[in-house]
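[1] With the input below, show me the fold.
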Amino acid sequence: PMSEANSFGHSYYFEIEIREMAQRSIITTKTLSIGFAWLPQRPSSIALFGDCLNSLAPDASPGDAVSIPELVGQMPRTFVIGGDLPRASFDGQEIRKITGWRPFLELQIGTTVGALLEEVDREPGLHRL
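    Modelled structure (predicted):
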């Protein structure tokens, strides 16, 4: 993972290499989704894994079962692209369909896929991801 500050905001980048794949099937079209997730802000700036689970069920008590969405694109505080047919999701909501990339058809063993997120400050309180 890489994080870098620049004059416009922050950039985050990582890449993965496909080393194994499940056999393709006509029964399922589940495939790669890639993206970013962030924890809720904490005053101490120390984020804990429990904060992620708490954000899914803020009224849950310790020990309660927490339901995690089946698809990563349905999770809050995520920006994800992928699936088949590919879609982009932000904060648990689908924002658009994606054309020009079909991970289900195009990925193979040895493929490297990278994700770049650039946060750009336009106006105070307004960010573009």
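[2] Let me see the backbone angles for the nearest residue to residue 21 once chain neighbours are set aside.
    Using Cβ to Cβ, 6 or more residues apart in numbering and skipping residues adjacent in sequence, the residue nearest residue 21 is residue 109, 5.9 Å away. (Glycine included, C-beta is placed from N, CA and C.) Note on residue 109: backbone dihedrals following degrees, to the nearest 10 are phi -60, psi 130.
[3] Quick one: residues contacting residue 109.
    Contact partners of residue 109, counting by Cβ atoms under 8 Å, 6 or more residues apart in numbering, are 18-21.
[4] and residue 73, helix, strand or coil?
    helix (DSSP: H, G, I helix; E, B strand; the rest coil).
[5] wouldn't it be in contact with residue 91 here?
    No - Residue 73 is not in contact with residue 91 according to Cβ atoms under 8 Å; the separation is 9.9 Å.
[6] Buried residues in the strand ranked longest in the chain, which are they?
    Using DSSP state E to define each element, the chain has its longest strand at strand 112-123. Buried residues in strand 112-123, counting neighbours by 16 or more other Cβ atoms under 10 Å, are found at 113, 115, 117.
[7] Pairing partners for the last one in the sheet, please.
    Looking back up the chat, that one is residue 117. Assessed by DSSP bridges, residue 117 has beta-bridge partners residue 12.
[8] Which residues are in contact with it?
    Counted by Cβ under 8 Å, 6+ apart, residue 117 has contacts 11-13, 36, 79, 129.
[9] can you pull the pLDDT of it?
    Residue-level confidence at residue 117 comes out at 86, pLDDT.
[10] So that it lines up with my notes, have the first residue be 22 from now on.
    All set: I'll call the first residue 22, so the last point we hit is now residue 138.
[11] if I look at it, how far off is residue 116?
    According to Cβ to Cβ, to the nearest Å, residue 138 and residue 116 sit 14 Å apart.
[12] Please apply the same query to the first one.
    With distances taken as Cβ to Cβ, residue 134 is found 20 Å from residue 116.
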